[in-house]
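> Fold the stuff below for me.
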Amino acid sequence: MPSGFNQFTQDYAQFCAQPPEKRVFYKVSDGKIIEERLDDSTWQPSAWNYNPVAQSVAGGLWGDVPLNSPIPDLAGDGPFKPTWDSLLEYEAPDWYQDAKFGIWAHWSPQCVAEAGDWYARNMYIEDQRQYKYQLEHFGPPSRFGYKDLCAQWTLLNWDPDELIARYKNAGAKIFVALANHHDSFDAWNSKHQPWNAAAIGPHRDVIGTWAATARKQGLRFGVTVHQARNWWWFQPSHGADTSGPNAGVPYDGHLTLAEGKDQWWQGLDPQRLYGVKHPASALPDISYVKNFYDRTRDLIDQHNPDLLYFDDSLLPLGWAGMNIGAYFYNHSLRQHGGKVEAVLNVKDVPDRLAKAVVADYERGLTGEIMKYPWQSETCIGAWHYLRSLHEKPGMYGGYLPPRDVIHWLIDTVSKNGTFILDVPGRPDGTIDSKEIAVLDGITAWIRINGEAIYETRPWKIYGEGPNSIKAGSFQGGSISKLGEKDIRFTRNKSGTVIYTLVLGWPTESFTVQSLALSAATRPGRVAKLELLGSDQTVRWNQQADALRVELPKLYRPAVDYAAVLKVTLA
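Model prediction:
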């Protein structure tokens, strides 16, 4: 193994300031780590779906970074160590298991163009629609690049108190804010990244403001960290057009600190935003990994989030992510008198590690009740604001309608999960009228039926019915298949009440097979059955083969996405 590999000899600012010809990179070749240098004549940016190399070297890699830390004592004081065996001592806190529903503000300078997610990367790729949008609205990315968009993320009309109040009325018990995306722009007063919201754009500590506002209104607060992928993700910014009037003219990803003289960004090094140009096979430099650790730890120390989400498979960047995971749990112990109140979200969690974290399923669901608490998250549209969804016809435009949101929430909770919904914001800090319409629909249903969601636990089975959803990440669209013949169950903590959530509004009598006296679930005898939201009598009869129910003919709520029966057992 080369002597310089995984040796911390300079910080990331120094690494970025080095002349390109002096930078040494490392790659895995035939199971060994070897040195390599940048060759501009053969350079290609990393693929959008780049997958780190397998753990084929001594000690193992994760996220292309060694799991063994070259820097000691990064996990903080406390019992948790940067190993999976240690993290398996974690228990998900009760507050999270009770909360069930959160709303997420996935905001960064990438929303400035109102042209959807991954704008910062795709504006540098000629066959992408965002590249064409960039040319038409801002000019070629060789002249006006992503760094310039950062200055236009103004949040001039942002009213965090009003937004948090709206989200709270919609039933959110958790509010989650994006701390940084793959673009590497930090949304707080970051000590280790000068490209941040306190210095550029809004000139405000966005995360700090969200945190204070959410807590003032009684919500738990979470942050999401996506920056680990910046090493690979932002490499197209170092390219150039291949044709047309700007062919061969480098994009602004090539700019250096010195070239900022007399520019608006004087004193800032663009390399710390875009990442340095490197061979596609280069492993992340140790200075980059340490910078990721430092920034995430700074985020934890400044804002004490209750929830920390990584947009990564397991904990990102090898030793950095493992140490942050342990530090976050130890920090929570100190903050809460010896009790871990923290929630740590990561993706692609194998069953053997499911207890160590709260597994997250992006735009996905599970097919069964999970042994340990888990999380589903989705967006009502694109992750970053996409104006064309608002412009589509109909009350909700191109957004996920509130009926599907409610069904997603119900299905998640019935399987021991918590549901987080992103409502993307515009660059001025507001949300649009059709997003508000979606929230209003959620609010109307939750106001009547929240009892069947909050502070509940899964019943013996999650549900019954003829339709099923597809399990796994990015399969959540299958929720739209569910209807009034599909039923989900939750229960109160004492097990004396079973909430029966019918995913529609039956106008005829219907049966619930799982609540039959002779059902395999052995529910017990029903003593009382009520329809949440109505004091009218519900006709019902529990028999050996089924519980038969008929909803009141004269009652139908303003939103009928799901009828909820409160079934009290004898």
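> Can I take it that His331 is in a helix?
Yes: looking at His331 with DSSP: H, G, I helix; E, B strand; the rest coil, it is inside a helix.
> mind starting the numbering at 472 from now?
In the new numbering, first residue 472, that becomes His802.
> Now Thr961. Nearest residue, chain neighbours left out?
Take Thr961 and drop its neighbours on the chain: the residue closest to it by Cβ to Cβ, 6 or more residues apart in numbering is Thr927, 3.9 Å away. Where you see a C-beta, it was placed from the backbone N, CA and C, and this is true even at glycine.
> got a list of what the one you found touches?
By Cβ atoms under 8 Å, 6 or more residues apart in numbering, Thr927 lies in contact with 571, 884, 961-964, 970.
> could you dump stretch 736-747 to PDB, C-alpha only?
Coordinates of each C-alpha in stretch 736-747 appear next as PDB, following Å, rounded to 0.1, in the frame of the first residue of the first chain:
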ATOM      1  CA  TRP A 736     -16.700  35.500  -5.000                       C
ATOM      2  CA  GLN A 737     -13.300  37.000  -4.100                       C
ATOM      3  CA  GLY A 738     -11.800  35.000  -1.200                       C
ATOM      4  CA  LEU A 739     -13.700  31.900  -2.000                       C
ATOM      5  CA  ASP A 740     -12.200  28.800  -3.600                       C
ATOM      6  CA  PRO A 741     -14.600  27.300  -6.200                       C
ATOM      7  CA  GLN A 742     -12.700  24.000  -5.800                       C
ATOM      8  CA  ARG A 743     -14.200  23.700  -2.300                       C
ATOM      9  CA  LEU A 744     -17.700  23.800  -3.800                       C
ATOM     10  CA  TYR A 745     -17.200  21.700  -7.000                       C
ATOM     11  CA  GLY A 746     -14.400  19.400  -5.700                       C
ATOM     12  CA  VAL A 747     -11.100  19.000  -7.400                       C
END
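> what are the phi and psi values for the residue nearest to Thr961?
Note on Thr927: backbone dihedrals following degrees, to the nearest 10 are phi -100, psi 170.
> Could you check the pLDDT of it?
Model confidence at Thr927, given as pLDDT, is 98.
> how far away is it from Leu986?
Relative to Leu986, Thr927 is positioned 16 Å away (Cβ to Cβ, to the nearest Å).
> can you check Pro821 too?
Distance of Pro821 to Leu986, given as Cβ to Cβ: 35 Å.
> Kindly report the same for Tyr933.
14 Å.
> Neighbour count: the two, which is higher?
The neighbour comparison of Tyr933 against Leu986 (other Cβ atoms under 10 Å) goes to Leu986, with 27 against 22.
> quick one: secondary structure of the nearest residue to Asp756 once chain neighbours are set aside?
Take Asp756 and drop its neighbours on the chain: the residue closest to it by Cβ to Cβ, 6+ apart is Phe486, 5.8 Å away. The local conformation at Phe486, judged by three-state DSSP, is helix.
> dump the residue contacts of Phe486.
Contacts for Phe486 (Cβ under 8 Å, 6+ apart) come out as 494, 747, 756, 758-759.
> Output the below-cut-off pLDDT ranges for the chain.
For the chain, the stretches with pLDDT under 70 are 524-529.
> host element of His855?
Using DSSP states H and E, His855 sits within no helix or strand.
> what does the helix or strand Asp911 falls within contact?
Element membership of Asp911, judged by DSSP H and E, is helix 904-920. Residues from elsewhere that reach helix 904-920 (Cβ under 8 Å, 6+ apart): 572, 637-638, 640-642, 851-852, 860-861, 866-868, 870-874, 876-877, 894-895, 924, 972, 1003-1004, 1028-1030, 1032-1033, 1035.
> Give me the buried entries from these.
For the contacts of helix 904-920, a burial check counting by 16 or more other Cβ atoms under 10 Å picks out 572, 637-638, 641-642, 851-852, 860-861, 867-868, 870-874, 876-877, 894-895, 924, 972, 1003-1004, 1028, 1030, 1032-1033, 1035.
> Quick one: name whatever helix or strand follows the helix or strand where Arg766 lies.
For Arg766, the host element (DSSP H and E) is helix 757-774. Counting by DSSP H and E, the next helix or strand C-terminal to helix 757-774 is strand 778-784.
> buried residues in that following strand?
Quick answer for strand 778-784 (16+ other Cβ under 10 Å): 778-783.
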